[in-house]
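>>> Starting from these lines, generate the structure:
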Amino acid sequence: MLGRIRAIAKFLTPKVFSTIFNSFIIPVYDYGIDIWATQTRLELSEAQAPINRLIAAYHYPSLFRKLRRKVQKGDETARRRLYLQQRKLFLVSDVLEQMRILTIPERAEWTMLKNVFLSLSEDPHIGSQNLFTLSSNTRCSRTLPLLTVDACNSETLRKSVKFRSVKVWNSLPKTWDIQNLPTVTFKKSVYELLVARRSDQFLKL
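Residues are numbered from 1 along each chain as shown. As a prediction, this is how the structure comes out:
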């Protein structure tokens, strides 16, 4: 799919490219992302790399082709030298933000936070009732309620959706007030928080 889109990318307007990306790329890795995206950030960055290459090939076609030719011709030492010399040219964070795209790790966190928020709402999704428990800890002054962290004695449990969702939720700013907060506003706030926390995304050729 990525190769086919790249083949026709030069004929697409930015709006059409964004529409195709949102329609055919995001749903592929977004399906069940809170379940399967349990790898380390380094491993998930390898899955993000082809997506970044597609975006760079569209927005900077001439530069992308030039860099790829230089990289493919050189040996490992030459590639590393080129990468260090032109590191800023490999930065794709601005394009991701321009297209309002979250990386795979960010999308996983966004999905888990959205699901927790909906499960705590007055009208939770079927099957999500009582999935998360509010903590009774009242010692800390915070407007965002904490969730109870279950004891997990195995790596399998620590990779479970519930445990990871609680961990991500409890890392949100404690000053957030979610009472009477519309779902759309919460999603937007989470997106802005994840982008603000984002590490620079560099192109891997």
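
>>> where along this structure do the helices fall?
2-8, 14-20, 26-30, 33-36, 41-59, 61-73, 76-85, 93-98, 104-120, 155-158, 161-170, 183-197 (DSSP state H).

>>> Check these for me and report the most buried one.
helix 104-120 (a mean of 20; mean count of other Cβ atoms under 10 Å). (Glycine included, C-beta is placed from N, CA and C.)

>>> what residue ranges in this protein score low on pLDDT?
Where the chain drops to pLDDT under 70, the residues are 70-76, 78-80, 82-90, 122-130, 137-141, 200-205.

>>> and with 90 instead?
1-11, 34-35, 37-99, 118-162, 174-183, 196-205 (pLDDT under 90).

>>> tell me the domain boundaries of it?
2-104, 109-197 (automatic domain parsing).

>>> Report the contact partners of the nearest residue to residue 113 once chain neighbours are set aside.
Using Cβ to Cβ, 6 or more residues apart in numbering and skipping residues adjacent in sequence, the residue nearest residue 113 is residue 190, 5.1 Å away. By Cβ atoms under 8 Å, 6 or more residues apart in numbering, the contact list for residue 190 reads 109, 110, 113, 114.

>>> ok, of those, which one's closest to residue 4?
Residue 4 has its nearest neighbour among those in residue 110, at 26.9 Å by Cβ to Cβ.

>>> thinking the closest one is in contact with residue 193, fair?
No. At 9.4 Å, residue 110 and residue 193 do not qualify as touching, with contact defined as Cβ atoms under 8 Å.

>>> Look up how far residue 46 lies from the most centrally placed residue in the chain.
Geometric centre of the chain, nearest residue: residue 106, 2.2 Å, by Cα atoms, centre = their mean. To residue 46, residue 106 is 15 Å away according to Cβ to Cβ, to the nearest Å.
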